[in-house]
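Colleague: how would this look folded up:
(chains A and B)
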Amino acid sequence: MSIKKGRGNLILPDFTQSSCVDKVGVEERVARFQSRSIKNEAKMQGLKMALNMIDLTTLEGKDTPGKVKQMCYKAQHLHDFHPNLPSVAAVCVYPTMVGVAAKAVQGSGVKVASVSTAFPSGQAPLDVKIRDTKFAVDEGADEIDMVISRGKFLSGEYNFVFDEIATIKEACGKSRLKVILETGELVTLDNVRRASDIAMYAGADFIKTSTGKIQPAATMQVTYTMLQAIRDFYTTTGIQIGMKPAGGISNSKLALHNLVMVKETLGDQWLTNEWFRFGASSLANDVLMQIIKAETGVYQSPDYFSKD
Amino acid sequence: MARKEINKSKVTWDYSPAMESSSHINLKKKYDLYIDGKWVKPSSGKYFDTINPANKEKLSEVAHANDKDVDKAVKAARKSYKGVWSKTTPAERSKYIYRIARLMQERAREFAVIETLDAGKVIRESRDVDVPLACNHFFYYAGWADKLEYAFPNRKVEPLGVAGQITPWNFPLLMAAWKIAPALAAGNTVVLKPAETTPLTALKLAEVIHDAGLPPGVVNILTGFGDTGAAIVDHDDVDKIAFTGSTGVGKIIQNAISGTDKKATLELGGKSANIILEDAPLDQAVEGIVNGIFFNQGHVCCAGSRLFVQESVAEKVIEKLKHRISSLVIGDPMDKNTDIGAINSKEQLDTIDKYIKIGLAEGATMYQPDCVLPKTGYFCKPTLFMDVAQSSRIVQEEIFGPVLTIQTFRTVDEAIQKANNTPFGLAAGIWTDKGSRIFNLASKLNAGVIWANTYNKFDPTSPFGGYKESGYGREGGLHGLSAYVKLK
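Modeller: Here you go, the predicted structure:
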């Protein structure tokens, strides 16, 4: 183990002293984001922005190369009836599907993200997690979505969690690292805040709420707490970290509320897919439906939008 | 580790205007006085304009009541007190009050829009705070009307008689509700004068009261200026004065009623302390600071206008606060996305500007966010003043605007001493993660209302009022009811 771990040039704080979070206050603030009224041009811009921030995801045991290829095609051709739509940000798959996905999106600008470190439970030895990560990187993953060891975190072994993230960061090489906290298992917002701090100091390029396999997932309360952690980290270190809520954001309204939250908590500079992502599979079609509705004035049947 | 430098914003995303419609509201060109269940012309024949402070456009004309009109209203109130209202059974009174609450709810949107137009407050607040709370006050006191013997066990409860009520311009409808609801529940009749810059929702309330079928004379609403208020205070046949407004006027009222047997509740000014301890949930505390001072443009008697931050976190809190206020939307109060609306009147804007100049002259460091104010109307940027002292005028005097002074402290005792070192004593806020600290501070702060880890939370069941120059008497809850009864 090297001495300089994680973002080794930073002075590490005492993670037991992370800022505390008041849940009632968070709920009140979040309600305010939800009462912003996003209409007309702002709505259209927001919807297109949301589309462009999606990590189109399939993470199932029954995934096949065929299914992944179809999803990759959709990632680049969301709805070809409409001429001016962006592509999504990335496709997100299991390591074994990275090769297929990388080939399918080659040259399109759509990134390939791979989950790793024994996703979703993270219950594997470190050497397995490293190999899992390196395999995905070698297959062509631009981004790695790792999970933290929640058991170790909850038992207070913050150094273990920190070291593991730092090690995986090394294994990532040039690929960007997203660290999944699995907030549904962390229970309190204080824990979410502390885990966010650990991940960022250890080397996360993005912090991500959930695997999508555990409920509750990306609630606005949790995402807001993580955004505040990102903001504080940026204030302290000058390093910009990305945010990815994943799981449960299935409609446009929620997506827009999230964007409002990002704008007001972090600022417009986070409003690109370089710094903000939605981990979602069904969100894209709802956003597409809303865009068509905004332009034509009528809702189309879901059958007019491709489902893979 | 080499990291990419921050990429400066490639996008900007602004909210498009989301204007609340005013097409459904029904405003008359001219309003008379509501006396004895009828709309009557003022004996002076005079009317004055009420304007929208966000664009200076005239909304309507309202009557200027003089002492003759006040006399007429008090006589009507006395007549209906003796003849009708005191003979109405408590359960019947309760039904009337419920009916007012329900009618207000039905017309909530109209009330909210008119409140915003007349007062300059943002539609989000009048829609989500003012109007629902006003309705809730009527609902709450409707429940007490037939349970007075349980409210005051083993006592004989009697109404006071005719209540003269004078309300301010910061929460026009809500303050009218605070005053009328308990008065009616206890069996009193009412003569109410709303503030001259914001008379419209009280007049709409008169319409609701009329539609609710309240017997004539039980509630009388007179518009006018200070002379109208003075005529109510000086009238011999008024049993009780309830006033919310400035400390200056409160003192005049107290002088005027000395030597009479008129009862009074005075809810006056404040310069409330909001205290942030180092272990507080800082991001939520910052929300609380913003809500404490910028809610309703700071036109709140209990506004947390003096911020005390423990020195170990002061730098952090101030940085967060500056960042937070940069995302506040300042503009047309009718836009649903506006956070900070218009200052209520030119007079008030002048007062605020005067204090900002005083602050600068006193050598304080001012911070205002980079934002563009609307060209028409009366607006003021949210303003922070650092490097101030207990002896600074901007720390000592009530500004009643979006202006916050920030001081630091080292020990809790120092915070308590500074917080209490003021002629006022209305409210205080405490922010800490530790329950024991809350109880310690709450027992030592000399303020009528103390919030812990929140600020500006109101509920009809909870009494509100102050110490020292913030006045006396309580409104809301059982305490608010007891201000309108004689106990034997």
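Colleague: list the buried residues in stretch A:195-215.
Modeller: Within stretch A:195-215, the residues that count as buried by 16 or more other C-beta atoms under 10 Å in any protein chain shown are A:195-212. C-betas here are computed from N, CA, C, even on glycine.
Colleague: okay, and which of the residues you listed map to helices?
Modeller: A:195-202 (DSSP state H).
Colleague: does A:Lys67 touch A:Ser281 like I think?
Modeller: No - A:Lys67 lies out of contact with A:Ser281 (C-beta atoms under 8 Å); the separation is 11.5 Å.
Colleague: and for the two, which residues touch both?
Modeller: A:Thr58 (C-beta atoms under 8 Å, 6 or more residues apart in numbering or on different chains).
Colleague: tell me which of these two has more neighbours.
Modeller: The neighbour comparison of A:Lys67 against A:Ser281 (other C-beta atoms under 10 Å in any protein chain shown) goes to A:Ser281, with 21 against 16.
Colleague: these two touch, right, the more buried one and A:Leu56?
Modeller: Yes - with contact defined as C-beta under 8 Å, A:Ser281 counts as touching A:Leu56 (6.7 Å).
Colleague: and the buried residues of stretch A:195-215 near chain B, which?
Modeller: Among the buried residues of stretch A:195-215, the residues that sit close to chain B (C-beta under 8 Å from any C-beta of the partner chain) are A:Gly203.
Colleague: around chain B, which positions in the stretch 151-300 of chain A sit nearby?
Modeller: Within the stretch 151-300 of chain A, the residues that sit near chain B (C-beta under 8 Å from any C-beta) are A:203, A:228, A:231, A:234-235, A:238-240, A:259, A:263-264, A:267-269, A:271-272, A:274.
Colleague: ChimeraX command to pick out the buried ones of these?
Modeller: Restricted to buried positions by 16+ other C-beta under 10 Å, the ChimeraX selection for those reads:
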select /A:203,228,231,234,239,240,259,263,264,267,269,271,272,274
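Colleague: OK, contacts around B:Lys346?
Modeller: B:53, B:378.
Colleague: roughly how far does it sit from B:Phe400?
Modeller: 14 Å (C-beta to C-beta, to the nearest Å).
Colleague: ok, B:Ile430 next?
Modeller: 23 Å.
Colleague: looking at those two, which one has more neighbours?
Modeller: Neighbours per residue, other C-beta under 10 Å: of B:Ile430 and B:Phe400, the larger number sits with B:Ile430, 29 against 25.
Colleague: what segments of the stretch 251-400 of chain B are helices?
Modeller: With DSSP state H, counting those that start in this stretch as the criterion, the stretch 251-400 of chain B has helices at B:282-294, B:311-326, B:346-361, B:393-396.
Colleague: where does chain B dip in pLDDT?
Modeller: Counting by pLDDT under 70, the ranges of chain B that qualify are B:1-10.
Colleague: can you do 50?
Modeller: B:1-9 (pLDDT under 50).
Colleague: OK, contacts around the residue of chain B found nearest chain A?
Modeller: Among all residues of chain B, B:Gln284 sits closest to chain A, at 2.9 Å; criterion: C-beta to the nearest C-beta. When contacts are counted by C-beta under 8 Å, 6+ apart, B:Gln284 touches A:21-22, A:24-26, A:29, B:431, B:453.
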